[in-house]
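Chemist: structure for the following, please:
(2 chains)
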Protein chains: 2
Amino acid sequence: MAGGNKKESTVTVVESKEWYLSAYAPQGVPNTNHLKLRNVSLTIDAIPDGHVAVQILLLSVDPYLRARMTGSEDGLYTSQFKLNEAIRAFGIGRVIESTDSKHAKGDIIVYPFFPVAEYCVIPSDPTLRKINPAEGIELPDYLSCLGIPGFAAWVGIKLIGEPKEGSNVFISAAAGGVGMFAGQLAKLKGCRVVGSTGSDEKVKLLKDEFGYDEAFNYKRETDFDSAISKYIPNGIDVYLDNVGGKMLEAVLNHVNYRARIALCGMISDYNEVWTEREGVRNLLNMVGKEVRMEGFMLGSYLGHFEGFAKEMEEYLNKGMIKSKQHMYNGIESFLESLASLFSSSNNGKVIVQVQSWTGA
Amino acid sequence: MAGGNKKESTVTVVESKEWYLSAYAPQGVPNTNHLKLRNVSLTIDAIPDGHVAVQILLLSVDPYLRARMTGSEDGLYTSQFKLNEAIRAFGIGRVIESTDSKHAKGDIIVYPFFPVAEYCVIPSDPTLRKINPAEGIELPDYLSCLGIPGFAAWVGIKLIGEPKEGSNVFISAAAGGVGMFAGQLAKLKGCRVVGSTGSDEKVKLLKDEFGYDEAFNYKRETDFDSAISKYIPNGIDVYLDNVGGKMLEAVLNHVNYRARIALCGMISDYNEVWTEREGVRNLLNMVGKEVRMEGFMLGSYLGHFEGFAKEMEEYLNKGMIKSKQHMYNGIESFLESLASLFSSSNNGKVIVQVQSWTGA
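Modeler: Alright, predicted model coming up:
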């Protein structure tokens, strides 16, 4: 305001758009009645000590976000998002100002709890991690094979499903972020891998790109029992469940002795209050076949993250694992990107590119 | 017929009643349309080499028997009973004739596959085991705490549920053969134990005799969610499921982080074809709470039997574990005894006393 040389009077303000929760959505896919975009002004210098100001580049769009918008504090997942606050997601940003000795201007950082926004000022904390992409690794890889979906696939297959060479592995939502990597990890273990997905195009993608032995379009082959009989005639040893409901029920009719079912999430259930969901009626099959079913959350496996990242980076470097991103452009596209998870219209890992980072 | 001294002409024939399967029962409790009693004549001397003729004393009546009468060869449990053949059950008998060097006349034996009959002639095999009851152990104990239900309780609690001191353990069908021992085993581990059962009398039995901390009558307290909130306010760490259906669903609304659910059998499901069963709608809760659910069959744990038997015999000797048998008298009572499992009218372990053994 008053010109001159007094440095401390220079305050940079950026305008940032952010998505906030205006109402909980107990049922259905969240829409503009629940999530709204607003402008906020952020002072990005003169930030408090121990903080960083960040320009957000990429945001990871994952099904668990929807579970944080039901308004039902049932102790599941992490807590519910708060009304009128920005919702938060795993992402990548560039530090544009720092009052924390651990982070310098220009650093590229990943953080699990970025606001779904263009800019933010956040206190430094141990989950905020600087990355130095190695050769052959692109930034979006940190949100896909090296991020939440890759880690979920690795935990689900390696630590819970425990397939052996030759095991019959079935994966639902197979072309989604988690399924895509889960299938490839199982193939690397020498398994026979079959996936279900929501379009013929994705069936082709699974078989041609990701090395699935078989795949089927659950919207076309709606008798899941028959489809599983056809594509997995020897029964299922390991199932990575991303959908729940009728597909889980069908799987339980085809499990082999001592099969393992890793429950990663149930996309068919997120948009229904539980009493309205289709129940699984054949859990009794788990007794006779001695099936083990286990839910998992990544937060409990953080001790394995480093080992996972090392293994995956090696696969990436050697071209042993492929990744496909479905990029949405601009913060405005977040709501559409979220909805795509539930309509099966996404094709690979869903990411919102908030800012172009190549010009960094 | 012709008197005289020619020993080889003396052939002893006994009349024996046996229950055989005349029709499969896909749904409902099996009745006289499915199970019929008939007389057979058995030659009990002049038996083939390597055989024993046995007077059956006691038969163990367990829910899995019903699962072998559906007619649906779904690969669950052991195979279906064959039509027109005697059904088979775990039991105790007295050898009345033997052509096998390992078994002498007068031996008391247990065997998993006796015909549900008064007498039988069977080939000797390794599962046919002589018993010498120690002090303080009665023959029916071999069918209850030292038999199928005791072993199921031990495997379910010790190997699958793995409660720790102070764990909140919930057991359904708690006054049944398995539940009765499971609760006591959990109490011996220092757990807080709560059970559901089908009558006020059994609630009292659980609390007064078997040391349950709390118990409720699921026929009176039909809102299972409320009942669990009331009796297990700190949530469930270990659930031994003997019923499935709505009770399992209610449990999943009250599980603690990393709870274990041992699926022993699902009595509410045996009498329904699976498509008619009430589904469990809240399996998604297993994800957020990282719950592990595992079915088990005793056949897979036979390597643990000796260790189990030693431990249980010690408990019995020291009076640390109590047993209650619900005895039915005479082979004719088998059908009624089987039905009692599904009407919750049994009180403790259901056994048919085919013959009095005290006069042995």
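
Chemist: C-alpha from now on. contacts and neighbour counts both.
Modeler: Will do.

Chemist: so stretch A:143-162, near chain B or not?
Modeler: No. Applying C-alpha under 8 Å from any C-alpha of the partner chain, one finds stretch A:143-162 separated from chain B by no less than 10.3 Å.

Chemist: start to end distance for that stretch?
Modeler: 24 Å (C-alpha to C-alpha, to the nearest Å).

Chemist: could you do stretch A:280-297 as well?
Modeler: 21 Å.

Chemist: quick check: the residue of the stretch 101-250 of chain A nearest chain B.
Modeler: A:G244 (7.5 Å; C-alpha to the nearest C-alpha).

Chemist: for the nearest residue to A:L58 once chain neighbours are set aside, name its beta-bridge partners.
Modeler: In space, and not counting its chain neighbours, A:L58 is closest to A:Q353: 4.6 Å by C-alpha to C-alpha, 6 or more residues apart in numbering or on different chains. A:Q353 forms beta bridges with A:L58, A:N329, as assigned by DSSP bridges.

Chemist: what about A:Q353, how many residues nearby?
Modeler: Number of residues near A:Q353 (other C-alpha atoms under 10 Å in any protein chain shown) recorded here: 24.

Chemist: let me know the pLDDT of it.
Modeler: As predicted, A:Q353 sits at a pLDDT of 97.

Chemist: and the helix or strand of chain A with the lowest mean pLDDT, how far from the chain's centre?
Modeler: Sorted by mean pLDDT, DSSP states H and E, the helices and strands of chain A end with helix A:64-67, the least confident at a mean of 88. Taking C-alpha atoms, centre = their mean, to the nearest Å, one finds helix A:64-67 lying 10 Å from the centre of the chain it belongs to.

Chemist: check whether that helix comes near chain B.
Modeler: No. On the criterion C-alpha under 8 Å from any C-alpha, helix A:64-67 is out of touch with chain B, staying 9.8 Å away.

Chemist: quick one on the thing from earlier: my read: the residue nearest to A:L58 touches A:H326, true?
Modeler: No. Counting by C-alpha atoms under 8 Å, A:Q353 does not reach A:H326; the two are 10.0 Å apart.

Chemist: list the residues that contact both of these two?
Modeler: Listed as contacting both A:Q353 and A:H326 by C-alpha atoms under 8 Å, 6 or more residues apart in numbering or on different chains is no residue at all.

Chemist: give the burial count for A:H326, as a bare number.
Modeler: 18.

Chemist: and it, what does it touch?
Modeler: A:N346, A:N347, A:G348, A:K349, A:V350, A:I351.

Chemist: so which of these are in strands?
Modeler: Within these, residues falling in strands by DSSP state E are A:K349, A:V350, A:I351.

Chemist: which of the residues you listed come close to chain B?
Modeler: Among these, proximity to chain B is found for none (C-alpha under 8 Å from any C-alpha).

Chemist: okay, these in a markdown table with distance to A:K82 next?
Modeler: Shown next, in a markdown table, are the ones in strands among the contacts of A:H326 (distance: C-alpha to C-alpha, whole Å):
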| residue | distance to A:K82 |
| --- | --- |
| A:K349 | 26 |
| A:V350 | 24 |
| A:I351 | 23 |
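
Chemist: what about the residue nearest to the spatial centre of chain A, distance to B:A174?
Modeler: Chain A has A:D62 as the residue nearest its centroid, 3.6 Å off, counting by C-alpha atoms, centre = their mean. To B:A174, A:D62 is 42 Å away according to C-alpha to C-alpha.

Chemist: now the host helix or strand of A:V110: mean pLDDT?
Modeler: Per DSSP states H and E, A:V110 falls inside strand A:108-115. Across strand A:108-115, pLDDT averages out at 94.

Chemist: same check, this time on stretch A:282-290
Modeler: For stretch A:282-290, the per-residue pLDDT averages 92.

Chemist: now do that stretch: everything it contacts.
Modeler: A:249, A:252-253, A:255-259, A:291-292, B:75-78, B:244, B:263-266, B:269, B:274-275, B:277, B:279, B:294-297.

Chemist: just the buried ones out of those residues, please.
Modeler: A:249, A:252-253, A:255-259, A:291-292, B:76-77, B:244, B:263-266, B:269, B:274, B:277, B:279, B:294-297 (16 or more other C-alpha atoms under 10 Å in any protein chain shown).

Chemist: around chain B, pick out the residues from chain A.
Modeler: Residues of chain A lying near chain B (C-alpha under 8 Å from any C-alpha): A:75-78, A:244, A:263-266, A:269, A:274-297.

Chemist: just the ones of the residues you listed in helices?
Modeler: When DSSP state H defines the helices, the subset of the residues of chain A next to chain B inside them is A:N285, A:M286, A:V287, A:G288.

Chemist: quick one, helices of the stretch 51-200 of chain A?
Modeler: For the stretch 51-200 of chain A, applying DSSP state H, counting those that start in this stretch gives helices covering A:64-67, A:148-154, A:177-188, A:200-208.

Chemist: the third one: how far from the chain's middle?
Modeler: Once both centres are worked out by C-alpha atoms, centre = their mean, helix A:177-188 turns out to sit 14 Å from its chain's centre.

Chemist: tell me how far stretch A:215-235 lies from the chain's centre.
Modeler: For stretch A:215-235, the distance to the chain centre is 25 Å (C-alpha atoms, centre = their mean).

Chemist: quick one: contacts of it?
Modeler: A:168, A:194-200, A:202-204, A:206-207, A:214, A:246-247, A:250-251, A:253-256.

Chemist: give me the buried positions along that stretch.
Modeler: A:A215, A:F216, A:N217, A:Y218, A:F224, A:D225, A:A227, A:I228, A:S229, A:Y231, A:I232, A:G235.

Chemist: can you lay out those as CSV showing pLDDT and secondary structure?
Modeler: What follows is the buried residues of stretch A:215-235, written out as CSV (pLDDT from 0 to 100; DSSP: H, G, I helix; E, B strand; the rest coil):
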residue, pLDDT, secondary structure
A:A215, 98, strand
A:F216, 98, strand
A:N217, 97, strand
A:Y218, 96, coil
A:F224, 97, helix
A:D225, 97, helix
A:A227, 98, helix
A:I228, 98, helix
A:S229, 97, helix
A:Y231, 98, helix
A:I232, 98, coil
A:G235, 97, coil
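
Chemist: next, give me the two most distant ones among those residues.
Modeler: Using C-alpha to C-alpha, these span at most 18.7 Å, a distance reached by A:N217 and A:G235.

Chemist: quick check: which element contains A:Y20?
Modeler: Assigned by DSSP H and E, A:Y20 belongs to strand A:13-21.

Chemist: give me the buried positions along that strand.
Modeler: A:S16, A:K17, A:E18, A:W19, A:Y20, A:L21.

Chemist: what helices or strands is that strand leaning on?
Modeler: Contact here means 3 or more C-alpha pairs under 8 Å, 6 or more residues apart in numbering or on different chains; DSSP states H and E; on that basis strand A:13-21 packs against strand A:35-43, strand A:119-123.

Chemist: how about low-confidence regions in the stretch 1-150 of chain A?
Modeler: A:1-10, A:74-78 (pLDDT under 70).

Chemist: 80 - rerun?
Modeler: Residue ranges of the stretch 1-150 of chain A with pLDDT under 80: A:1-11, A:45, A:73-78, A:134-136.

Chemist: one step back: buried deepest among the helices and strands packed on strand A:13-21, which one?
Modeler: Most buried of the helices and strands packed on strand A:13-21, by mean neighbour count (mean count of other C-alpha atoms under 10 Å in any protein chain shown): strand A:119-123, with a mean of 22.

Chemist: what's in contact with it?
Modeler: Outside strand A:119-123, the residues that touch it by C-alpha under 8 Å, 6+ apart are A:14, A:16-17, A:42, A:44, A:47, A:50-56, A:114.

Chemist: now it and strand A:35-43, what's the angle there?
Modeler: For strand A:119-123 against strand A:35-43, the angle by axes from the mean of the first three to the mean of the last three C-alpha atoms, to 10 degrees is 70 degrees.
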